[in-house]
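*Asks:* Here's a sequence, model it:
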Amino acid sequence: EHLAPLLTETMSKHQDDVDIEEEEWTLAMSAATCLQLVSETVEDLVVPVIMPFVQNNIKSENWKLREAATMAFGSILTGPNPDTIAPYVNQSIPVLLQALSSDPNVMVKDTTAWVIGKICDMHVRSVPSETFPSLVNTLTSKLLGETPRVASQACFGLHAIAAAFADDPNANDTNALSSYMAQLLQTLLQVADREDAVEGNLRVVAFEAVSMLIQVSAPDVKPILMQLLPAIIDRLSKTFDMQILSNDDKEHQEGLQGLLCGVIQVLCLKVTKEDILPHSDSIMTNILRVLQTKNATCHEEAFSATSAVADQLEGDFDKYMQALQPFLIMGLRNFEAYHVCVVAVGLVGDIARAIEGKSQPYCDEIMSALLQSLQNQSLHRSVKPPVLSAFGDIALAIGGAFEPYLQVSLMMLFQASQTRAPEDDDELIEYVNSLREGILEAYTGIVQGMKDGNKAAALMPYTEAIFVFLEGLSQDPTRDIEVLSKAVGLIGDVASTVGPGVKEYLQRPSIAQLLQDGHSTGDETIMETCTWANAVVQQALQAS
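*Replies:* Purely as a prediction, here's the structure:
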């Protein structure tokens, strides 16, 4: 209570000629940050100390006090228990919307937009249902006519409102956003076209809001999405005709292409195969053109969009593979831009699941690129778990045809399984667990793939390495529940594939220990897997 008056006073100290669009760090902003940290430390205790200042000044004649009161309220939203702050959030919405609509001072509007965005992000459940229409309409009305900073905060608010519907327990044929969806999508796309959309990160947040709205849209909005898909494809196509006279023009073009690929991805995941088929040729033609650029972010978004198309088209995606393959291999070998490499590896798995056996002609090159990535010393370690997991996806897809890659891939899995983490290094423990998940997913896919291809006998020379790995996991206190779950599944797969041939391994105490640990988790899915694995192990042990 001694610090609070100093902070609120400091927050009201602004120069009269301050330029809102300048990204300048001010004393007032420092005070607000300090107040937020205090709020997060003392939690509920901050409310009775700060709220009197907020309530006394949020409608002050002096714009500096109005802005400071608004900023102070926004700064304490992260600390207190949601139930403690909820009544104040409830009361604040009409006042904040009024200020956003009609306050004559641009600084007050900017801060108000930021606070509304924060409320939508953290306390949207505290917004009264009767206020919802005016909240959405007011934010929408600020998208086109306000400064980029205010418009950007309005986009953020709409994004946060949409995100609140992601886990809507009442989800059915419609939701509260449906009646606004057409206008929201149309206006947000107009925002992205603003001349000043590069300022305040406006174009990016507008597209992020579009993507979130699409993701949470209810089934009754599908006709709007089906109108939007060809419009977005057309926008992407037109980016290739943009006049490029400078580096800024090039950055604008590539940034826009990445954002549009992101929207195509969420649209593809929201509709059906039948909906996408008429548009798939034009989608893939444009994505392949994007992949010809030299921009890593574009490639990341383009590969993600391709994954969505492959997921939906399944076997029909095969016709694009020949044209896509050179870019896919380039992505897998893009060790410097490891984010691109990770997405390209994910795309390999999606393609394998989509076109299954039809992926075989492309596997030599893909497997070669994956193996090279594992051998590259400079490769970021986050790429390795998905690369190992991709071996399993490919084996599942091509079955017995995976045999030529069996020796080298299992050698890589064995080497990776030697990685250990000290018990006091949480970050490394988390990484090693993700690596183990990748190894277990690979083993599982390879075992199932060889079984499906009637090549189970080819696995026999490698079973000892698998059981040594499982034995290590049974004794490791740092393994997490995901690793345990996948280990139990692998025991069942090995037992059902080469059971009688590995009797001596299945009788080891480590196998019983893992199955027992799985049962003890209390997790229904893991317990079901344990029951199944136990049954196939017993079957294998009793076989003659």
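
*Asks:* which SSE is the closest residue to Tyr320 other than its chain neighbours in?
*Replies:* Counting by Cβ to Cβ, 6 or more residues apart in numbering, Tyr320 lies nearest to Met284, which is 4.9 Å off, once chain neighbours are set aside. All C-beta atoms are positioned from the backbone trio N, CA, C, and that covers glycine. Using DSSP states H and E, Met284 falls within helix 273-290.

*Asks:* any chance you could map the helices in the stretch 251-400 of the chain?
*Replies:* Per DSSP state H, counting those that start in this stretch, the stretch 251-400 of the chain carries helices over the ranges 273-290, 296-313, 321-332, 338-355, 363-375, 384-398.

*Asks:* Direction-wise, compare the last one with helix 363-375 and give the angle.
*Replies:* It refers to helix 384-398. 160 degrees (axes from the mean of the first three to the mean of the last three Cα atoms, to 10 degrees).

*Asks:* what inclination does helix 384-398 have with respect to helix 321-332?
*Replies:* 160 degrees.

*Asks:* How about the fourth one?
*Replies:* Taking the same axes, to 10 degrees, one finds helix 338-355 and helix 321-332 inclined to each other by 150 degrees.

*Asks:* Equivalent analysis for the first one, please.
*Replies:* Orientation check (the same axes, to 10 degrees): helix 273-290 against helix 321-332 gives 60 degrees.

*Asks:* Pull out the buried positions in helix 273-290.
*Replies:* Buried residues in helix 273-290, counted by 16 or more other Cβ atoms under 10 Å: 275-276, 279-280, 283-284, 286-288, 290.

*Asks:* Kindly format the C-alpha coordinates of that helix as CSV.
*Replies:* C-alpha atoms of helix 273-290 as CSV (Å, rounded to 0.1, in the frame of the first residue of the first chain):
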residue,chain,number,x,y,z
LYS,A,273,-12.5,-34.2,-48.3
GLU,A,274,-15.5,-33.6,-50.6
ASP,A,275,-15.3,-29.9,-49.9
ILE,A,276,-11.6,-29.6,-50.6
LEU,A,277,-11.3,-31.9,-53.7
PRO,A,278,-12.6,-29.2,-56.2
HIS,A,279,-10.0,-26.7,-54.9
SER,A,280,-7.1,-29.1,-54.2
ASP,A,281,-5.3,-28.5,-57.5
SER,A,282,-5.3,-24.7,-57.1
ILE,A,283,-4.3,-25.0,-53.4
MET,A,284,-1.3,-27.3,-54.3
THR,A,285,-0.3,-25.2,-57.4
ASN,A,286,0.0,-22.1,-55.2
ILE,A,287,1.7,-23.9,-52.3
LEU,A,288,4.3,-25.3,-54.7
ARG,A,289,4.9,-21.8,-55.9
VAL,A,290,5.4,-20.6,-52.4
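
*Asks:* which secondary structure elements does that helix contact?
*Replies:* Packing partners of helix 273-290 (3 or more Cβ pairs under 8 Å, 6 or more residues apart in numbering; DSSP states H and E): helix 222-239, helix 247-270, helix 296-313, helix 321-332.

*Asks:* Tell me which of these approaches Leu515 most closely.
*Replies:* For the helices and strands packed on helix 273-290, proximity to Leu515 was assessed by Cβ to Cβ; helix 296-313 is nearest, at 33.6 Å.

*Asks:* Could you tell me the angle between that closest one and helix 321-332?
*Replies:* Helix 296-313 runs at 140 degrees relative to helix 321-332, counting by the same axes, to 10 degrees.
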